[in-house]
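> pasting the sequence and the predicted coordinates here, then a few questions.
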Amino acid sequence: ITSFNTMVSAYAQHGRIDDARRMFEALPERDMVSWNGMLTAYAQNNRLVEAAEMFLREMPKHDMVSGNILLAAYGQAGRVDDAKRVFDGMMEHNLVAWNGVLIAYAENARIEDAKLVFDAMPDSDIVSWNVMLGLYAQAGHLEESESLFGVMRQRNIVSWTSMVSGYAQNRQLQQARGLFLQMPQWNVVTCTAMLLAYARDGHLDEAKLVFDGMPERDQAAWNALLEAYAEARHLDDAKDLFDRMPERN
RNA sequence: AUUCUCAGCCGGCG
């Protein structure tokens, strides 16, 4: 059964829902992992109707993971109120469920509601804090994110990157730079955020330096620099970069 | 890696 479940998720990850479903149908018996795996297959491939249908009508029972899957799916689709309804219908809530509603509000820029949830949560972890921090930063409430960042018990690379990215979005290049240089580690995501901060401010040379110093480069990193060149009409640089891209899209 | 939550670019869909 574990092998079947593995196959269901594997298909789902590649967007092959119908194959996932066939595998699911072929299961001699189904446990919660099978059901939740199939539910995830729908949820993560934007098949909300099927997901809801499965959750409400097909599943013999739900556990906390099932609710969390549907909740997150509604949140990502911008259907915050449906997400909240799922949350309210759950028998019990673990931290993932709480973070799930929090994220649903955050993704849809419902600052007040997010804050209410954040304050009401029985426990919070670094994910909860990062979500609030990121929400404030994206909304341009940098003072709020700075103060959260300042009082957090721990910070991870996501916390740092959210701040850098918030500064970048709000055109605070020097703040972004200062924080970037203080970071304990960098990864490709952090560097792309910083690259973009430079680029948005017209510092293409600095953006290029960040790019060259990156530990590894993924498609997003290449695209970011390419876009920056294109935007600034550095077409020769853009062309050179384009020709050096390992994979084009 | 059998199922759920957080950060970066572009595009698609609504």
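Alright, I've got the coordinates.
> mind checking how far residue A:232 is from RNA strand B?
The gap separating residue A:232 from RNA strand B is 13 Å, by Cβ to the nearest atom of the strand, to the nearest Å. Placement of C-beta: from N, CA and C, glycine included.
> can I assume that residue is in contact with residue A:204?
Yes: counting by Cβ atoms under 8 Å, a contact exists between residue A:232 and residue A:204, whose distance comes to 5.9 Å.
> ok, these two, which is more surrounded?
Each of residue A:232 and residue A:204 has its neighbours counted (other Cβ atoms under 10 Å); residue A:204 has more, 18 against 14.
> residues contacting the more buried one?
If you count contacts by Cβ atoms under 8 Å, 6 or more residues apart in numbering, residue A:204 has them with A:198, A:228, A:229, A:232, A:234, A:237.
> ok, now residue A:56?
Residue A:56 makes contact with no residue under the criterion Cβ under 8 Å, 6+ apart.
> confidence score at it?
At residue A:56, the pLDDT value in this model is 95.
> and of the contacts of residue A:204, the nearest to RNA strand B?
Nearest to RNA strand B, judged by Cβ to the nearest atom of the strand, of the contacts of residue A:204 is residue A:228 at 8.0 Å.
> isn't the closest one up against residue A:197?
No: between residue A:228 and residue A:197 there is no contact, the gap being 10.6 Å when judged by Cβ under 8 Å.
> and those two? Which one has more around it.
When residue A:228 and residue A:197 are compared for neighbours, residue A:197 comes out ahead with 27 against 24, by other Cβ under 10 Å.
> how about the nearest residue to the more buried one, chain neighbours excluded?
When the adjacent residues along the chain are set aside, residue A:197 lies closest to residue A:168, with 3.5 Å between them (Cβ to Cβ, 6 or more residues apart in numbering).
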